[in-house]
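>>> Structure for this input, please:
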Amino acid sequence: MPAGYEPDDTGTLVMGVVNVTPDSFSDGGRWFDADAAIAHGVELVADGADLVDVGGESTRPGAARVEPDEELRRVVPVVRELAARGIRVSVDTMRAATALAAVEAGAEIINDVSAGLADDAMAPIVAETGARYVAMHWRGHSDRMDSLAEYSDVATEVRDELAQRVDALVGAGVDTERLILDPGLGFAKRGEQNWELLGRLDVLAELGLPILVGASRKRFLGAMLPEGAPVEERDLPTAVISVLSAEAGAWGVRVHDVRSTRRALDVLGAWQSGRRG
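Here you go, the predicted model:
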């Protein structure tokens with residue numbers, strides 16, 4: 001396990017995804033309506049999610065940004081209702097105002113794909129609220145990130161760039177114990193670079209912080225499948241990555257199809273109990 005923290009008693013956590021967007025690559029806007037999004041969050045927990053990640057802005061390659069008020073309108077009612085039902089909620093946002101409103105509505109984690117780079121007000125908000133904070137490796141917004149995938153050594157450069165973000169966040173008053181790191185698979189990364197990051201999670205673990213892996217249904221998994229395969233066929237490869245990430249010591253995995261990942265992790269747990277005899 002990475003140094004500097006103890007894993008949850010339940011092992012690697014499963015974070016279920018709720019996209020309250022009309023244009024998500026992964027689910028085609030199926031949960032854009034608030035009631036549908038809430039029902040989906042409840043279903044994900046029934047399928048075995050430990051927490052639910054609610055987002056109102058697509059970060060797929062080429063996606064346009066959503067207006068701040070619209071993001072708030074999409075996200076806050078869903079967060080509030082899920083939290084009221086006793087569900088652990090994270091909010092997927094790059095905006096400090098959305099993060100603050102979501103925490104006030106009951107979110108306990110802020111999941112920021114920009115690690116604070118998209119909004120200078122984010123770090124003070126994280127420090128003020130005391131929420132846990134996922135800082136993802138990020139080099140630019142979705143409309144330009146594919147042009148930024150240049151690395152000499154992707155694992156060490158991602159580690160070092162995240163280390164800079166950790167220093168900046170801590171310098172702004174964020175408690176190190178509240179931080180979680182995400183290597184940013186698919187964000188300014190080409191297919192082979194994603195696989196290298198997954199195969200070298202130990203390099204990122206050198207920072208001594210929990211790691212969240214978000215590989216679910218991403219393009220580099222689709223490249224393994226027959227051309228034209230539906231996005232749901234990426235769920236089996238995602239579940240395999242979830243198991244391998246857990247074996248590598250990941251704090252959590254962020255997935256769309258919770259059921260397959262939960263079953264795979266259950267098998268891993270049984271396998272590990274057999275080792276212990």
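>>> any chance you could map the helices in the chain?
Applying DSSP state H to the chain gives helices spanning 34-46, 68-84, 96-104, 122-129, 154-171, 191-199, 201-205, 219-222, 235-247, 258-276.
>>> Ok, which of the ones you listed comes nearest S58?
In this view, these are compared for proximity to S58 by C-beta to C-beta, and helix 68-84 is the closest at 10.7 Å. From N, CA and C alone the C-beta is placed, and that goes for glycine too.
>>> in stretch 245-258, what counts as buried?
Within stretch 245-258, the residues that count as buried by 16 or more other C-beta atoms under 10 Å are 245-246, 248-258.
>>> let me fix that: stretch 72-87
Using 16+ other C-beta under 10 Å as the test for burial, stretch 72-87 gives L72, R74, V75, V76, P77, V78, V79, R80, E81, L82, A83, I87.
>>> And the third one, how far from A37?
In this case it means V75. Distance, V75 to A37, by C-beta to C-beta, to the nearest Å: 9 Å.
>>> Need the overlap of contacts for these two.
Listed contacts common to V75 and A37 are V20, V54; contacts here mean C-beta atoms under 8 Å, 6 or more residues apart in numbering.
>>> from the buried residues of stretch 245-258, which is closest to D175?
After measuring the buried residues of stretch 245-258 against D175 - C-beta to C-beta - the closest member comes out as W251, at 16.1 Å.
>>> Quick check: the gap between the nearest residue to the closest one once chain neighbours are set aside and D160.
Spatially, and ignoring its direct neighbours in sequence, W251 is nearest to P210 (3.3 Å; C-beta to C-beta, 6 or more residues apart in numbering). Distance, P210 to D160, using C-beta to C-beta: 18 Å.
>>> neighbour count winner among those two?
Using other C-beta atoms under 10 Å as the criterion, P210 and D160 rank with P210 on top: 25 against 12.
>>> Quick check: that one touching G249?
No - contact criterion C-beta atoms under 8 Å: P210 and G249 do not qualify, at 9.0 Å.
>>> Which elements pack onto the longest strand along the chain?
Secondary structure of the chain per DSSP state E: the longest strand is strand 13-19. Under the contact criterion of 3 or more C-beta pairs under 8 Å, 6 or more residues apart in numbering; DSSP states H and E, strand 13-19 touches helix 34-46, strand 51-55, strand 252-255, helix 258-276.
>>> mind giving me a markdown table with the ones you listed and columns for mean pLDDT and distance to V231?
Compiled in a markdown table, the helices and strands packed on strand 13-19 are given as follows (pLDDT from 0 to 100; distance: least, C-beta to C-beta, whole Å):
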| stretch | mean pLDDT | distance to V231 |
| --- | --- | --- |
| helix 34-46 | 95 | 16 |
| strand 51-55 | 97 | 17 |
| strand 252-255 | 98 | 13 |
| helix 258-276 | 93 | 14 |
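>>> Distance to T129 for the ones you listed - can I get that in CSV?
As requested, the helices and strands packed on strand 13-19 are exported to CSV (distance: least, C-beta to C-beta, whole Å):
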stretch, distance to T129
helix 34-46, 21
strand 51-55, 16
strand 252-255, 20
helix 258-276, 27
